Each structure stands twice: as C-alpha cells, then as structure tokens.
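# Task: produce atomic coordinates for the following.
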Amino acid sequence: MRKDNFFVVGPEATEEAFIGRKQVIEYLCKRLHQAKNCIGVAIIGLNRVGKTSLLEQILFEEYGNENNVLIVKLRMNDVSNANDFWWEV
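Numbering: from 1, shown residues only. All right, here's what the predicted structure looks like:
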C-alpha cells in the first residue's frame, strides 16, 4: 500500500467538484437505508484523500432537502482527546 500522499492540498470537494466516487456513495447510502438501528461507519485513509468530502457528499445527497434532520459536524482534530470528543457530541 502506498504510504505517501500525492493528492493536492485544497478545500473540500463538493457538488460538481466531487467526482469519481459514485459507487462508494451508493454503497454507503444503501447501508444507511438498510440499518434498522443507528449505525456507525468508520472512513479510514491517508490525510487529504477525500474522506471528509465523501461524507459531505453523502449527507448532501441523502439529507440535503430534509427539514427534520440535524447534522452535527465534529472532528477529532477539534478536541484535545477522545473524552472531549464524546462530551461535545
């Protein structure tokens, strides 16, 4: 597996700038709809490969037009430790 990251640093890719992951989005959206209970999904990868952009696109496609959905965005980088993360949630 490649250890270095050749992707260009830039902002999160959204809407028309988000390309090439349609199958991944469809798979994850299907998993969300099949869940009978609340589920968690870990998106793991090298820095700057598009994990946040992927999540943003899924949320936009699945819940962008809903008026009864609250989306909370919190990253581990925003807190000092795991306990603080869960406290914030």
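# Distance from the helix or strand hosting W87 to the middle of the chain?
For W87, the host element (DSSP states H and E) is helix 82-88. How far helix 82-88 lies from its chain's middle: 19 Å, per C-alpha atoms, centre = their mean, to the nearest Å.
# my read: G45 touches K51, true?
Yes. The pair G45 and K51 qualifies as a contact (C-beta atoms under 8 Å) at a distance of 5.4 Å. C-betas here are computed from N, CA, C, even on glycine.
# Tell me which of these two has more neighbours.
K51 (15 against 10; other C-beta atoms under 10 Å).
# pLDDT score assigned to the nearest residue to the more buried one once chain neighbours are set aside?
Of all residues beyond its chain neighbours, the one nearest K51 is I43 (4.6 Å), with distances taken as C-beta to C-beta, 6 or more residues apart in numbering. At I43, the model reports a pLDDT of 78.
# Quick one: neighbours of I43, just the number.
So I43, with other C-beta under 10 Å, has 13 neighbours.
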